[in-house]
Structures are given as C-alpha cells and as structure tokens.
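Participant: No letters, just coordinates:
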C-alpha cells in the first residue's frame, strides 16, 4: 500500500491525460446517453483542465446511442447495421458533449480515427499535428473510432475493444503521461470466491495478471477487463502510467489525478 501511494503522488504532475470513457459509464440501459453522468464527467474534466493539464477524451457510446434512437434493443451483428447506428449515434453523442462543455466555457473538437490512421505514416503525422493544434488552442479533443466508414474494426477479432485499444494508440500518438480508463468496476479485481478484491497497484502486466480476469461484453459494449489490461500494457510500455477506475462513482477522475487510492494503478515501463 505504501508503494502504491508513493507512485500515485506523481500523478498530479501529469501534463497530458487521456481519459477513456466506456459505453456503460455514460449510457443508460437503452443506450441513450445518461446526461447526469455525462455532466459529472465533464465537470471533472473541466476541473483538471483548470489545474493546468491537457486532456483528451476517448469516448465510446455512439453505437449505443444510435441503437436507442433507432429502436434497436440488441447490438446488431451486421457491419452495415452497426455503421448505421454509429452514424446516427455519433451526432447525438457529440451534441451532448458540446452542450455540457459549453457550461464551462470549454470548446471541444471531434476526432474520428481508424487503424489506418495509425498505420499510414502520412495520416499518422496528420492526426498528430491536428491533435497538437487542438491542445495548443485549449480545445478538448473528443476521439472516437470512425465506425461509419471503417468496417475492419467492427469485423476483426482484434478490434479496438470498445475503444480501449484506441485509447492506447492515442497515448502513443500524443505522448501522454497518464491514461485513465473509466469502467463500471472499481479497478482490476482479484476474484476471491464471489466477491472481487481490488488490486491497488500492478507493476507489470503479464500472463499471471491476465488470468485474474475474464474477457467481458454486454449488449451495448465490446470491451472487458481483458482488453483494458492489454491496452494498459501498450500504454505502459510507451512510458505512460495507467489507472483503471469506476467512472460511475462520484469524483473518480479528479481523485485519480489527485493521487488518491482509487482504482488500479498500472506503472509505466522505463523507456
């Protein structure tokens, strides 16, 4: 515990923070954005920006919002239907973020990315330059997977996993200091019988850690703790600290940035 708090004291010195928000963190069961929950998260982002940090949001929830708008209860299996839901839902999701951030006089910018944007040298450089300009202008980039035009991510076995992998790639793109992955659990849980015990700190993600969790999914989202840990390992290897916490609880984001014992801290690896 002492080492855990020792490492956490440096989190408040982070310069760039990527906040990944999972579908179930901001969506009701129908898929409609939970405006009360969104407002709490936006308020926390505004607070850490006032503290001098640059923040990038990687958000899920577009497909779920589109499903709700179109009256679709179960996540579609056809790529074309998923793309349709994403097209309808992305507009709703961004409208919600824009409206809420306006209350804090904060501008936002939409950034839609695919695997190709990171694999192609010129497109990668363009994405990096755009993100740097947005951050320099004090804008909060809101990043999502471009499901509307990219079907490989929706079909592939190695998908972005509810944007967990996307968040790790964004960390590498902008050289972030801290990645906060907000989920609906208190962190990485070691299963002891029926109850899960939170692991405060993980120094390295290996097979022994991955065995502690099982890949999960819901009718709305694609990710689980397995994908979060694998994405955290990518970010940690890039020299970025990672904290996985419960985004449904009050003040989780600001508590993490303040260095409090919240969630599970994954230590960055030496570059």
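Facilitator: Yep, that arrived. Since the model is a prediction, treat every value here as computed from it, not as a measurement.

Participant: if I look at the residue lying closest to residue 140 once chain neighbours are set aside, how far off is residue 98?
Facilitator: Counting by C-beta to C-beta, 6 or more residues apart in numbering, residue 108 is the residue found nearest to residue 140 once chain neighbours are left out, at 4.8 Å. For glycine as for every other residue, the C-beta is placed from the backbone atoms N, C-alpha and C. Computed as C-beta to C-beta, to the nearest Å, the residue 108 to residue 98 distance reads 6 Å.

Participant: Look at those two and report which has more neighbours.
Facilitator: residue 108 (20 against 15; other C-beta atoms under 10 Å).

Participant: list the contacts for that one?
Facilitator: With contact set as C-beta atoms under 8 Å, 6 or more residues apart in numbering, residue 108 has these partners: 94, 97-98, 101, 139-142.

Participant: Flag the shaky bits of the stretch 151-271 of the chain, pLDDT-wise.
Facilitator: 151-162, 191-195, 212-223, 270-271 (pLDDT under 70).

Participant: Okay, strands next: where are they in it?
Facilitator: 178-183, 189-192, 195-198, 201-202, 241-246, 264-266 (DSSP state E, counting those that start in this stretch).

Participant: so how far is the longest helix that the chain contains from its chain's centroid?
Facilitator: When the chain is parsed with DSSP state H, its longest helix is helix 79-102. Distance, stretch centre to chain centre, for helix 79-102: 16 Å (C-alpha atoms, centre = their mean, to the nearest Å).

Participant: in that helix, what counts as buried?
Facilitator: 81-86, 88-90, 92-94, 96-97, 100-101 (16 or more other C-beta atoms under 10 Å).

Participant: List the buried residues in stretch 177-187.
Facilitator: For stretch 177-187, burial by neighbour count (16+ other C-beta under 10 Å) applies to 177-183, 185-187.

Participant: actually stretch 187-205, sorry about that
Facilitator: 187-189, 196, 198-202, 205.

Participant: Next, the distance between the ends of it.
Facilitator: One end of stretch 187-205 to the other measures 14 Å (C-alpha to C-alpha, to the nearest Å).

Participant: cool, stretch 247-260 as well?
Facilitator: Start-to-end, stretch 247-260 (C-alpha to C-alpha) is 15 Å.

Participant: so how far is residue 66 from residue 174?
Facilitator: Residue 174 is 28 Å from residue 66, by C-beta to C-beta.

Participant: what about these two, which has more around it?
Facilitator: Using other C-beta under 10 Å as the criterion, residue 174 and residue 66 rank with residue 66 on top: 27 against 19.

Participant: returning to that earlier point: the longest helix of the chain - contacts with which helices or strands?
Facilitator: Judged by 3 or more C-beta pairs under 8 Å, 6 or more residues apart in numbering; DSSP states H and E, helix 79-102 is in contact with helix 35-50, strand 54-59, helix 62-70, strand 108-113, strand 140-145, helix 152-155.

Participant: out of those, nearest to residue 27?
Facilitator: helix 62-70 (4.8 Å; C-beta to C-beta).

Participant: quick one: buried residues of that closest one?
Facilitator: 62-69.
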